Every structure is written in structure tokens, then in C-alpha cells.
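Trainee: For reference, the sequence and a predicted model appear below.
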Amino acid sequence: MSDQRSKKSPEVPHLTYFDVRGRAEVIRLLLEETGTRYTERRITIDEWPDLKSSFTFGQLPIYEEGDLLLNQSNAIYRYLGRKFDLYGDTSLEHVRCDVIQETFVDAQANLGGFYWNPDFEKLRDEYEQQELPALLRKLERLFLENTADSGFWVGKRLSYVDIIAWHFLDYVRPFSIKTLQRSKALYRFKTLLESRPNIAAYLASSRRPATLTVNLSPFGGTPETS
Ligand SMILES: N[C@@H](CCC(=O)N[C@@H](CS)C(=O)NCC(=O)O)C(=O)O
């Protein structure tokens, strides 16, 4: 047992991350949507330098469940998708889940990377007027290609990639709500997903971290921008 492992109850999933939404938010949302009890450790930026070396890869999130200890956020999302039967129903739906997940890895890297760009203010207008609408148009096309036409990204029912998609769109919201609203189908999807009872309860609760990122980023580190 390495020292990164928590000493919490083994039956209850335990999440370690910072006190921000970031890469842990999809995990929290999946646990909330499925009504799963979980515990968390939220590490502050001040504590981090002393703790970093106690984690094998020196990075978070870490997800624990019994003897299982996982890092790599996207592997954790997929694991939870399988565990909660939110991974589509056929092999075609499984691969569509994978494609959509990977698409959002790229989209999130694009937008998240931009929030951390030291030239954020200088580049903001151009990104908002050109790059972001083009990215949303591509995502909307992918969403509308779901032949089940169900309002979900894969097949006829909720999958974990709906949560990933929602999280990305919620990352766009404080930066550029008008651009997001112009992608009508995506905006409708976002509104529907966040009206699911467990998600709505979580979003309204104090359990949800106040900000997208830590306050070291040029955008997203304050409750106003989150
Ligand atoms: N590929 C990893 C990347 C993890 C990662 O970059 N984590 C960041 C927070 S979002 C971190 O731990 N930063 C602190 C550090 O690197 O010291 C994943 O997706 O989990």
C-alpha cells in the first residue's frame, strides 16, 4: 500500500483532488447522478507542494474504491461509465462513447489550455469569435449525428459521455454564454441534463466547488467567472 492511499472506508469511493471542479467534476457528477455515497479530500494549493511527492505520478485526481486506486481522469470516467451501466448498449454504442470521450479530451484541452494562456486577455476576442464557435459547431454536428435522436449523445439513454459533454459546455458558459446559446441543440441538451433531479440537487448544493480552476489561471479561478 503506497502512502498516496487514503485511510477511508474501503466500500465508499474516495476522491482526492483540489477544491475546484477541474478534472474531478465529471467524477463527482457521475457519483451524484447515480446516487452513490462518496468521500473526498480536497487539497489546497498551499498544501500541495509538500504532498505532491506522496502521489505516484504527482498529479490528481485519484479515485479509490476498495483495493482499487486509479489515476488518469479519463480512465476513471470510463471505469465509472462501465460500473454504472452508462456505457451504451452495443459494441457500436461503446465505440461511439469512446469517440465522444476522446473528442471532449481534445475540446477540453483546447478551452482549458486557453484559460491558462498567459495571453488570455489579448487573445480572448479572437478565440471567442472564431475558434470557439467553430469548435461548438463541430461538437453540435457530432451530437446531432446520434441516430437515436434521443437528446443524448449515444443511443437512447444516459451515458457517461453525456456528463462529460455537459461538463465541457459548463466550462464554456461563464466565458461565453451567448456563443453557447447560439448552438441551440447543445444548449438544449445542457439545460435538459442539468434538470435531472440528482444533478440539479448537486449543482444547487454547497458540495460543488465554487470555481472551475485554482485562482492561478487567467480565467476561471473566481466564483464570478465560474
Ligand atoms: N492526465 C492526467 C493529468 C492530471 C493533471 O494534470 N492534474 C493536475 C490538476 S488538473 C495536477 O495534478 N496538477 C498539479 C501538478 O502537476 O503538480 C489526468 O487526466 O488525470
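Mentor: Good, I have the coordinates. Numbers count the residues shown, from 1 in each chain.
Trainee: separation between the most centrally placed residue in the chain and Val95?
Mentor: For the chain, the residue whose C-alpha lies nearest the mean C-alpha position (CA atoms, centre = their mean) is Val26; its distance is 3.6 Å. Computed as CB to CB, to the nearest Å, the Val26 to Val95 distance reads 20 Å. Yep, even glycine has a C-beta here, placed from its N, CA and C like the rest.
Trainee: Show me what the host helix or strand of the residue nearest to the centre of the chain is packed against.
Mentor: Using DSSP states H and E, the secondary-structure element containing Val26 is helix 25-33. Using 3 or more CB pairs under 8 Å, 6 or more residues apart in numbering; DSSP states H and E as the contact criterion, the neighbours of helix 25-33 among helices and strands are strand 14-18, helix 73-83, helix 160-182, helix 197-203.
Trainee: what's the angle from that helix to helix 160-182?
Mentor: The directions of helix 25-33 and helix 160-182 differ by 110 degrees, with axes from the mean of the first three to the mean of the last three CA atoms, to 10 degrees as the criterion.
Trainee: which helix of the protein spans the most residues?
Mentor: Criterion DSSP state H: the longest helix present in the chain is helix 91-115.
Trainee: Just give me how far the following helix or strand past that helix sits from the chain centre.
Mentor: Per DSSP H and E, helix 91-115 leads on to helix 120-126 as the next helix or strand towards the C-terminus. In terms of CA atoms, centre = their mean, to the nearest Å, the centre of helix 120-126 is set 24 Å apart from its chain centre.
Trainee: Could you give me the buried positions within helix 120-126?
Mentor: Taking 16 or more other CB atoms under 10 Å as the neighbour-count basis, helix 120-126 is seen to contain the buried residues 120, 124.
Trainee: residues from this structure in reach of the ligand?
Mentor: When proximity is defined as CB under 6 Å from any ligand atom, the chain approaches the ligand at 22-23, 52, 58-61, 71-74.
Trainee: Make sure Pro218 is actually in contact with Gly112.
Mentor: No: Pro218 is beyond contact range of Gly112, at 11.8 Å (criterion: CB atoms under 8 Å).
Trainee: any idea of the pLDDT on the closest residue to Gly112 other than its chain neighbours?
Mentor: Spatially, and ignoring its direct neighbours in sequence, Gly112 is nearest to Tyr171 (7.0 Å; CB to CB, 6 or more residues apart in numbering). Tyr171 is assigned a pLDDT of 97 by the prediction.
Trainee: can I assume Tyr171 is in contact with Asn110?
Mentor: No: with contacts defined as CB under 8 Å, Tyr171 does not count as touching Asn110, sitting 10.5 Å away.
Trainee: which of those two has more neighbours?
Mentor: Tyr171 (22 against 14; other CB atoms under 10 Å).
Trainee: Let me see the contact set for that one.
Mentor: Residues in contact with Tyr171, defined by CB atoms under 8 Å, 6 or more residues apart in numbering, are 108, 111-112, 212, 220.
Trainee: Go through the residues you listed and say which is closest to the ligand.
Mentor: Taking CB to the nearest ligand atom as the measure, Gly112 is the one of these closest to the ligand, at 8.5 Å.
Trainee: Would you mind measuring from the residue nearest to Gly112 to the ligand?
Mentor: The gap separating Tyr171 from the ligand is 13 Å, by CB to the nearest ligand atom, to the nearest Å.
Trainee: gap between that residue and Tyr115?
Mentor: The span separating Tyr171 from Tyr115 equals 8 Å under the rule CB to CB.
Trainee: and Thr56, how many neighbours?
Mentor: A count of nearby residues for Thr56, using other CB under 10 Å, gives 12.
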